[in-house]
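Novice: need the 3D shape of this:
(2 chains)
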Amino acid sequence: MNQSKFIVWSRLLWMFLKVNLLSPSGPASVGLLYKEAVGQIMTEVQFVEAVGFSNVLPGSEALKLAMFVGFAAGGVPGVLTALLGSILPPTVMMLIVAALLEHVQHESWLKGFVAGMSPAVAALIVVVAWELFRTSSSKKIGRRTILIAALSAVALWLNLPSPLVLLGAGIMGVILFR
Amino acid sequence: MHILLQLFWTFLKVNLLTTSGPASVGLLYHEAVPNLVTDSQFVQAVGLSSVLPGSDALQLAMYVGYAVAGIPGGIIALIASILPPTVIILGITLILHRLRREAWVSSFIEGLTPAISVLMLFTAWNIFVKGGSTSWLSWAIGILSLVVMFLEAPARIVVLIAGLIGVFFLS
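Specialist: The predicted structure is shown next:
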């Protein structure tokens, strides 16, 4: 009995290590995870529900999705296993790269690299912002979404603290989208 | 000690108020620059986390944490980013069927999302202006990146190429 549980956990751990090593980002991991999990660990309906929940709750969505799959596979220990498998690859890699970069922080080529990356990173953020905006208004297109966006823009322009602006927008959502 | 607490609080806040990794960039920028890291470090963090495999939100958090306070900083940032979703998921799995019908949660997110998008536009502009130069070459890189990414080119390749162009022409 104990041994079969161990097998479930190690398979789960391996699955998430694989998914997180092969996918460049959170959203990209959904497709990969789908192939690994549906049919074996959970049904398609369960998976779709997990994706929906992951998008609605606060925090990194890839992690939440991993934890939902982990729960379906093995309860609370499954959640912790999935978490460990998802955290390990980025942690190890990032700490190594960060430590390496520390040594070249004052090299002039790094300055050029950052200067070149800045506009591309800005563009990347714009693309993500657009995708976020589009998916949010797909259900209820219209003036209310634009109103919140416009008010947020004004508030940010006036240098109001951004967590407050986000909270306010959420509360407006509760009032407007009922 | 004080700086670690500040890190912890920053990432806790960011991860409670945003719903996904990429969306956290906007809020994180406003919370972390210039209090914790410089613009240049932030651009490095976003660029690298989109290039390396694995969850980019976590990598972004760890890079910022590391830049602020070394390995302990990286670990604190990681823990603070993981805590909100973990607690919520563990809670949800116990009361899942109840929250499913709570409409106000999805309305809150519905209102939150356009604000996050706008915040990200502000962030993108700040990064563009402060991160490097605003010469014609930067504009060209930015606009070109925007176009190819809308055409679904992989972001990490675009960011890498842009960085390499910078090494040769902007140093």
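
Novice: pLDDT-wise, which helix or strand of chain B ranks last?
Specialist: The weakest-scoring helix or strand in chain B, judged by mean pLDDT, DSSP states H and E, is helix B:103-131 (a mean of 81).

Novice: the following helix or strand past it - contacts with which helices or strands?
Specialist: Later in the chain than helix B:103-131, the nearest helix or strand by DSSP states H and E is helix B:136-150. Under the contact criterion of 3 or more C-beta pairs under 8 Å, 6 or more residues apart in numbering or on different chains; DSSP states H and E, helix B:136-150 touches helix A:108-136, helix B:155-169. Where C-beta positions appear, they are placed from N, C-alpha and C, glycine not excepted.

Novice: OK, contacts around residue B:109?
Specialist: A:55, A:56, A:170, A:173, B:19 (C-beta atoms under 8 Å, 6 or more residues apart in numbering or on different chains).

Novice: out of the residues you listed, who's nearest residue A:30?
Specialist: residue A:55 (10.0 Å; C-beta to C-beta).

Novice: for the strand or helix carrying the closest one, buried residues please.
Specialist: For residue A:55, the host element (DSSP H and E) is helix A:44-56. For helix A:44-56, the neighbour count (16 or more other C-beta atoms under 10 Å in any protein chain shown) marks A:46, A:47, A:50, A:51, A:53, A:54, A:55, A:56 as buried.

Novice: likewise stretch B:79-93?
Specialist: B:79, B:80, B:81, B:82, B:83, B:84, B:85, B:86, B:88, B:89, B:92, B:93.

Novice: just stretch B:141-159 next, same as before
Specialist: Of the residues in stretch B:141-159, those buried (16+ other C-beta under 10 Å) are B:141, B:142, B:144, B:145, B:146, B:148, B:149, B:155, B:156, B:158, B:159.

Novice: report the distance from it to the chain centre.
Specialist: 18 Å (C-alpha atoms, centre = their mean, to the nearest Å).

Novice: quick one: contacts for the closest residue to residue B:49 other than its chain neighbours?
Specialist: Spatial nearest neighbour of residue B:49, excluding adjacent residues (C-beta to C-beta, 6 or more residues apart in numbering or on different chains): residue B:59 at 3.7 Å. Contacts for residue B:59 (C-beta under 8 Å, 6+ apart) come out as A:90, A:93, A:94, B:45, B:48, B:49, B:52.

Novice: can you get me a residue count around the closest residue to residue B:125 other than its chain neighbours?
Specialist: Closest residue to residue B:125 apart from its sequence neighbours, by C-beta to C-beta, 6+ apart: residue A:122 at 7.1 Å. By other C-beta atoms under 10 Å in any protein chain shown, 28 other residues sit near residue A:122.

Novice: quick one: residue B:60 from residue B:42, how far?
Specialist: Residue B:60 sits 9 Å away from residue B:42, going by C-beta to C-beta, to the nearest Å.

Novice: the longest helix in the chain is where?
Specialist: No chain in the question, so chain A it is. For chain A, the longest helix by residue count, based on DSSP state H, is helix A:61-104.

Novice: switch to chain B, that's the one I care about
Specialist: Per DSSP H, chain B has its longest helix at helix B:56-99.

Novice: now that helix and helix B:103-131, what's the angle there?
Specialist: 170 degrees (axes from the mean of the first three to the mean of the last three C-alpha atoms, to 10 degrees).

Novice: run the chain-centre distance for helix B:56-99.
Specialist: For helix B:56-99, the distance to the chain centre is 13 Å (C-alpha atoms, centre = their mean).

Novice: kindly report the same for stretch A:37-50.
Specialist: 19 Å.

Novice: check stretch B:107-127 too.
Specialist: 12 Å.

Novice: may I see the buried residues of that stretch?
Specialist: For stretch B:107-127, by 16+ other C-beta under 10 Å, it's B:107-124, B:126-127.

Novice: so where's the chain shaky on pLDDT?
Specialist: You didn't say which chain, so I picked chain A. A:1-3, A:23-28, A:135-141 (pLDDT under 70).

Novice: you answered for a different chain; I wanted chain B.
Specialist: B:1, B:20-22, B:54, B:93-103, B:131-134, B:171.

Novice: what helices and strands are in contact with the longest helix of chain A?
Specialist: Checking 3+ C-beta pairs under 8 Å, 6+ apart, helix A:61-104 ends up next to helix A:2-22, helix A:26-37, helix A:44-56, helix B:39-51, helix B:56-99.

Novice: nearest to residue B:165, out of those helices?
Specialist: Comparing the helices and strands packed on helix A:61-104 under C-beta to C-beta, the one sitting nearest is helix B:39-51, at 12.9 Å.

Novice: just the CA coordinates for the closest one, please, in PDB.
Specialist: Only the C-alpha atoms of helix B:39-51 are listed here, as PDB (Å, rounded to 0.1, in the frame of the first residue of the first chain):
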ATOM      1  CA  ASP B  39      15.600  49.600 -13.900                       C
ATOM      2  CA  SER B  40      18.500  47.800 -15.500                       C
ATOM      3  CA  GLN B  41      18.200  44.900 -13.000                       C
ATOM      4  CA  PHE B  42      14.500  44.700 -13.600                       C
ATOM      5  CA  VAL B  43      14.900  44.500 -17.300                       C
ATOM      6  CA  GLN B  44      17.500  41.700 -16.800                       C
ATOM      7  CA  ALA B  45      15.000  39.900 -14.600                       C
ATOM      8  CA  VAL B  46      12.100  40.100 -17.000                       C
ATOM      9  CA  GLY B  47      14.300  39.200 -20.000                       C
ATOM     10  CA  LEU B  48      16.000  36.200 -18.400                       C
ATOM     11  CA  SER B  49      12.800  34.800 -16.900                       C
ATOM     12  CA  SER B  50      11.200  34.800 -20.300                       C
ATOM     13  CA  VAL B  51      14.300  33.100 -21.800                       C
END
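
Novice: cool, thanks, signing off.
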